[in-house]
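In: Sharing a sequence plus its predicted fold:
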Amino acid sequence: METTRARPCAFLDRDGVLIEDTGYPHKPAEAVWTPGVMAALRRLNQAGLAVCLVTNQAGVARGLYDEETVARFHIWMAAEARAAGARIDGFAYCPFHEAAQQERYRRESARRKPRAGMIEDWLALFPLRREGSFLIGDRETDMAAAAAAGIPGHLFPGGDLDVFVAGILDQRAAA
Ligand SMILES: [Mg+2]
């Protein structure tokens with residue numbers, strides 16, 4: 001592992017942070033980006049942070065859409081970001097739920113927030129360091145996952161994401 005080159009990471013929830021949580025969003029045509037999202041991503045990129053998504057997708061477990069749809073959605077998000085001069089380094093999702101209609105998705109998963117599995121997997125997979133990393137989410141389950149991973153969690157109340165991210169980076173610089 002390239003610990004000497006390890007970067008900190010901004011772990012981002014997806015629905016309610018990068019795009020509006022309109023209730024299991026999964027179609028590009030219906031997705032609504034959060035105000036300031038591309039500027040926020042560019043700001044994180046320029047600050048030298050990796051940017052990795054960590055999103056629960058119980059819609060898969062509920063049979064509302066399949067994993068291929070999630071993958072297509074994420075490819076679309078990555079392309080939109082790239083077109084705006086921003087970079088999302090990784091997309092992680094958890095399709096499992098204890099009460100899933102579909103048996104193959106019906107289980108407890110260490111990757112489902114409030115557990116820290118998706119964060120821990122990113123930390124293990126990339127040369128990332130925990131120190132200086134943080135998470136932005138819009139729910140208490142996001143904050144719990146951050147706490148379980150031993151990183152700060154920032155609860156996004158809505159509004160302009162770039163203003164919110166700028167505030168976090170200022171806080172970090174002052175710490
Ligand atoms: Mg959310």
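Out: Everything's here; your move.
In: measure stretch 22-31 end to end?
Out: 8 Å (Cα to Cα, to the nearest Å).
In: how far away is the residue of the chain most remote from its centre from residue 97?
Out: In the chain, the greatest distance from the average C-alpha position (Cα atoms, centre = their mean) is reached by residue 103, at 25.9 Å. Distance, residue 103 to residue 97, by Cβ to Cβ, to the nearest Å: 12 Å. Yep, even glycine has a C-beta here, placed from its N, CA and C like the rest.
In: And for residue 146?
Out: Residue 146 is 21 Å from residue 97, by Cβ to Cβ.
In: Next: residue 34.
Out: 25 Å.
In: ok, now residue 112?
Out: For residue 112, the distance to residue 97 - Cβ to Cβ - is 7 Å.
In: Check residue 75 too.
Out: 24 Å.
In: between those two, who's got more neighbours?
Out: A side-by-side neighbour count of residue 75 and residue 97, using other Cβ atoms under 10 Å, places residue 97 first with 21 against 12.
In: Residues in a beta bridge with that one, which ones?
Out: On the basis of DSSP bridges, residue 97 is bridged to residue 106.
In: Confirm for me that it is in contact with residue 61.
Out: Yes: between residue 97 and residue 61 there is a contact under Cβ atoms under 8 Å: 3.6 Å.
In: Quick check: phi and psi on the residue nearest to residue 30 when sequence neighbours are not counted?
Out: Nearest residue to residue 30, sequence neighbours excluded (Cβ to Cβ, 6 or more residues apart in numbering): residue 22, at 6.9 Å. For residue 22, the backbone dihedrals are phi -90, psi 10 (criterion: degrees, to the nearest 10).
In: confidence score at residue 22?
Out: What the model reports as pLDDT for residue 22 is 94.
In: Surely it and residue 34 touch.
Out: No: taking contacts as Cβ under 8 Å, residue 22 lies outside contact range of residue 34: 11.7 Å.
In: Give me the more crowded residue out of these two.
Out: residue 34 (21 against 13).
In: Just give me the neighbour total for the nearest residue to that one once chain neighbours are set aside.
Out: Counting by Cβ to Cβ, 6+ apart, the nearest residue to residue 34 once its immediate chain neighbours are dropped is residue 161, at 4.8 Å. Using other Cβ under 10 Å, residue 161 is surrounded by 23 other residues.
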